[in-house]
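Engineer: Can you look at this prediction? I've put the sequence above it.
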Amino acid sequence: MSGVRQVVGMTGDEAVAHAVKLVNPDVVAAYPITPQTIIVERYSDFVNNGEVDTSFISVESEHSAMSACVGASLTGARVFTATASAGLALMYEILYVASGMRCPIVLAVANRAFSAPINIHGECTDQLVCRDASWVSLFGESAQEAYDETILSFKIAEHPDVMLPAMFGIEGFIVTHALERVETLSKQQVEDFIPASRMVRDRFCPDENKTFGSLVLQDYYMEIKRQQEEAMQNAYKVTKDAMQEFSEMSGRKMEIIEKYQLEDADYAFVSYGATAGNAKAVVDRLRAKGEKVGALKIRLFRPFPSLDIFQALSGIKAATILDRSATFGSPGTIVQTDIASALYGKENVPSLHGYINGLGGRVLTLPEIEEVYEISKEYNNIGMTSTTDWVGYRK
Amino acid sequence: MAIVLPKVSVKDLQEWSKLGEVFTSGHRLCAGCGAGAMARQVTLAAKALGDPYMFVNATGCLEVASTVYPYTAWDAPWLHNAFENAAATASGAIEAMKSMQRKGLMSERNVNMIVFAGDGGTYDIGLQSLSGAVERGHDFLYVCYSNGAYMNTGIQRSGGTPQGAATTTSPPGTVIPGKIEWQKPLAEIMAAHDIPTFTASPAYPRDLMAKVQAGLKHDGPAFMLVDSPCNLGQRYAPDISMEIAKLAVKTCFFPLFYTYKEEWVLTGISARLAKNPDRKLPIEDFLKPQGRFRHLFKPEWKKKLIEIQDTVDDKWERLVTKATCV
């Protein structure tokens, strides 16, 4: 990074729109849904004022948004869309088509609670339940991370070793609508970071008599799915490398997991998205009281960075997992069960205490986080265990 | 701009047949399937225009039977995404080409985009996607080949299933004799979008192919509803598919016409029937050879047959009143 850093005040949604503007994709197909709307509104401004030369398709549903993205991506275009909650659920069928046909579409998710009851506020369940759709999946804590992950996602998705779609999430209102300080990049920086040429692949275009979307039965289906898994495994290293390159380019450190005060810690918070900011604030409060506690933030959710998380939590006695998502009848919170799998059979790992919290935009206050921390510590006295509970609701 | 149907002669067909098939042999459609004939006619008519062509195909018989991996029957760019989204998928491809041409990433030229979907994929699950793409003005010819039920999944009732027809979800019961409702007026719905709308039958290839070319030449979306006979689902012998398709037209159950804005024009046999009403065949001639209507000929359902005839007559008369003939 050289020269003066440009700093702008932007909401999370605006940050995404401005980052997409620098990428200037060929096609954006999107349908409005709160709290994603600012992204598509700002981008429409850019299109109609000639600031980008993207084809913007105002589709009649999210299902058609993702369908049009697949059509455009297979034609060889660079493609972006954005949605939330019900919109992501409506796309769900085509998420699998997009990854199955290896379309490097980039999707911004303004994480929002599912109906019913209808609710427009922040919750990450929408994105977490897409974990098996063969999409690279990232979470961002702030408008800055939303900005950065927008650009990063194109780099990961279009990498020839990956060629999978990528989604990144920021929590509705908490990040999407909060005005924050964002360090921007120049057009030149983004052009240097993302290749100018479109990906080399078989394309649905007039010059190539090729068939896309065949019926594939028992004899070949599994091989094609296995290739997706290999691509997803490749995405781990590609993401690490891309983050390293991004860090050097931007001067902002970006890692698949972020460690805060973990070196000498006995206890840890694990979180992702906006909650990570609160966790770090609580760490500061507890450290001031003499507690040996740190925080781990997960940015890359798929492919799940099992080894990194194991290494980061190695030596920790108890981990308090703050999961802003609902799961019912599950053996743990969504992220907790992944962490448990990553740690299973390993020595010197913490007991895990998952807390479902913050549903539908409910605020989990810093004192409440301190309370669950104390509960986690008590559990730890009974030895290695994994517990799950709900916090921050009226009993 | 008004629609002008090109004249397609038998000689034209002979010439076009030498161009080489786009929808090639070796596909796995049933013997007697009307969709195969439909696909050959549509693709050859497109090829004869000379511009490059691309196809988007919704999930359905035509898609499943023509692209069993690792084989394909399509000597053309062809894309299948899912069931309900063929029109949206075409929207994406069209905009991608426009954008990439604008940026110099793709050479500029006219491309004829054709979408194929069945009645299930159009009347029912794909109607929203189609209406949206048409409202956005995406330049494609959408061909709905209606065989009157979800034939690919085992003959379930759709919004395109004729009244009285037996399907596996509208069986001929002792209380309810097959499908209760008339078909959704799909051609009229699409015509109400102010786009050129055609009906056609593979039993009348010159009429169908002229309409394909008129639809593709039109700048903007166009829609074509094709009556696609299905011996398996409509239950008749595979060698009379084209006869059945002809009877649909000759009984005025499936009139051949095109419409754009205020203009409604009957074509081919339907134009002749409008001029010579005494040649119109009774609906029973169309219903009787098909097993799916067999139950209607039991004495207890005689009233149903009269009802169907009345509805056919009413719809036909209203069409003739507003239409001109070519």
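Structural biologist: Happy to help now that I have it.
Engineer: the bottom helix or strand of chain A by mean pLDDT?
Structural biologist: When the helices and strands of chain A are scored by mean pLDDT, DSSP states H and E, helix A:366-380 comes last with a mean of 92.
Engineer: Following the chain onward from it, which element is next?
Structural biologist: strand A:386-390 (DSSP states H and E).
Engineer: by contact count, what packs against that following strand?
Structural biologist: Judged by 3 or more C-beta pairs under 8 Å, 6 or more residues apart in numbering or on different chains; DSSP states H and E, strand A:386-390 is in contact with helix A:334-343, strand A:351-356, helix A:366-380. Backbone N, C-alpha and C define where each C-beta goes, glycine included.
Engineer: Let me have these in JSON lines, adding distance to chain B and mean neighbour count as columns.
Structural biologist: Formatted as JSON lines, those follow (distance: least, C-beta to the nearest C-beta, whole Å; neighbours: other C-beta atoms under 10 Å in any protein chain shown):
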{"stretch": "helix A:334-343", "distance to chain B": "27", "mean neighbour count": "21"}
{"stretch": "strand A:351-356", "distance to chain B": "33", "mean neighbour count": "26"}
{"stretch": "helix A:366-380", "distance to chain B": "43", "mean neighbour count": "17"}
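Engineer: Turn the ones you listed into a markdown table, columns for distance to B:K103.
Structural biologist: Formatted as a markdown table, the helices and strands packed on strand A:386-390 follow (distance: least, C-beta to C-beta, whole Å):
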| stretch | distance to B:K103 |
| --- | --- |
| helix A:334-343 | 40 |
| strand A:351-356 | 47 |
| helix A:366-380 | 49 |
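Engineer: B:A222: which of those is closest?
Structural biologist: Nearest to B:A222 among these is helix A:334-343 (47.3 Å), distances taken as C-beta to C-beta.
Engineer: Now do the closest one against strand A:386-390, angle only.
Structural biologist: 170 degrees (axes from the mean of the first three to the mean of the last three C-alpha atoms, to 10 degrees).
Engineer: what packs against helix A:334-343?
Structural biologist: helix A:125-128, helix A:306-313, strand A:318-323, strand A:351-356, strand A:386-390.
Engineer: in the stretch 201-350 of chain A, which spans are strands?
Structural biologist: For the stretch 201-350 of chain A, applying DSSP state E, counting those that start in this stretch gives strands covering A:211-212, A:257-260, A:267-271, A:293-298, A:300-302, A:318-323.
Engineer: how about the residues of the stretch 101-250 of chain B near chain A?
Structural biologist: Within the stretch 101-250 of chain B, the residues that sit near chain A (C-beta under 8 Å from any C-beta of the partner chain) are B:102-103, B:105-106, B:109, B:111, B:128-129, B:131-133, B:135-136.
Engineer: that older thread, among the helices and strands packed on strand A:386-390, which is nearest B:P289?
Structural biologist: It's helix A:334-343; of the helices and strands packed on strand A:386-390, that one is closest to B:P289 (C-beta to C-beta) at 58.1 Å.
Engineer: Dump the strands of the stretch 201-350 of chain A to a markdown table, plus mean neighbour count.
Structural biologist: Converted to a markdown table, the strands of the stretch 201-350 of chain A look like this (neighbours: other C-beta atoms under 10 Å in any protein chain shown):
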| stretch | mean neighbour count |
| --- | --- |
| strand A:211-212 | 23 |
| strand A:257-260 | 18 |
| strand A:267-271 | 27 |
| strand A:293-298 | 25 |
| strand A:300-302 | 25 |
| strand A:318-323 | 27 |
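Engineer: want to throw those into a markdown table with distance to chain B and mean pLDDT?
Structural biologist: Below are the strands of the stretch 201-350 of chain A laid out as a markdown table (distance: least, C-beta to the nearest C-beta, whole Å; pLDDT from 0 to 100):
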| stretch | distance to chain B | mean pLDDT |
| --- | --- | --- |
| strand A:211-212 | 4 | 98 |
| strand A:257-260 | 35 | 98 |
| strand A:267-271 | 36 | 98 |
| strand A:293-298 | 32 | 98 |
| strand A:300-302 | 22 | 98 |
| strand A:318-323 | 32 | 97 |
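Engineer: possible to save these as TSV with distance to B:G26?
Structural biologist: Below are these laid out as TSV (distance: least, C-beta to C-beta, whole Å):
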stretch	distance to B:G26
strand A:211-212	13
strand A:257-260	52
strand A:267-271	56
strand A:293-298	51
strand A:300-302	40
strand A:318-323	53
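Engineer: Ok, which of these comes nearest A:V23?
Structural biologist: When these are ranked by proximity to A:V23 (C-beta to C-beta), strand A:300-302 comes first, at 20.0 Å.
Engineer: before we move on, back to that, so which of the helices and strands packed on strand A:386-390 is nearest A:H18?
Structural biologist: helix A:334-343 (29.3 Å).
Engineer: what ranges do the helices span in chain B?
Structural biologist: B:10-16, B:34-49, B:61-66, B:86-102, B:127-135, B:186-191, B:205-217, B:231-234, B:241-250, B:268-275, B:284-287, B:302-322 (DSSP state H).
Engineer: Could you identify which of those helices is most buried?
Structural biologist: helix B:86-102 (a mean of 28; mean count of other C-beta atoms under 10 Å in any protein chain shown).
Engineer: so where's the stretch 201-350 of chain A shaky on pLDDT?
Structural biologist: Residues of the stretch 201-350 of chain A meeting the criterion pLDDT under 70: none.
Engineer: again with chain B
Structural biologist: Looking at chain B by pLDDT under 70, you get an empty list.
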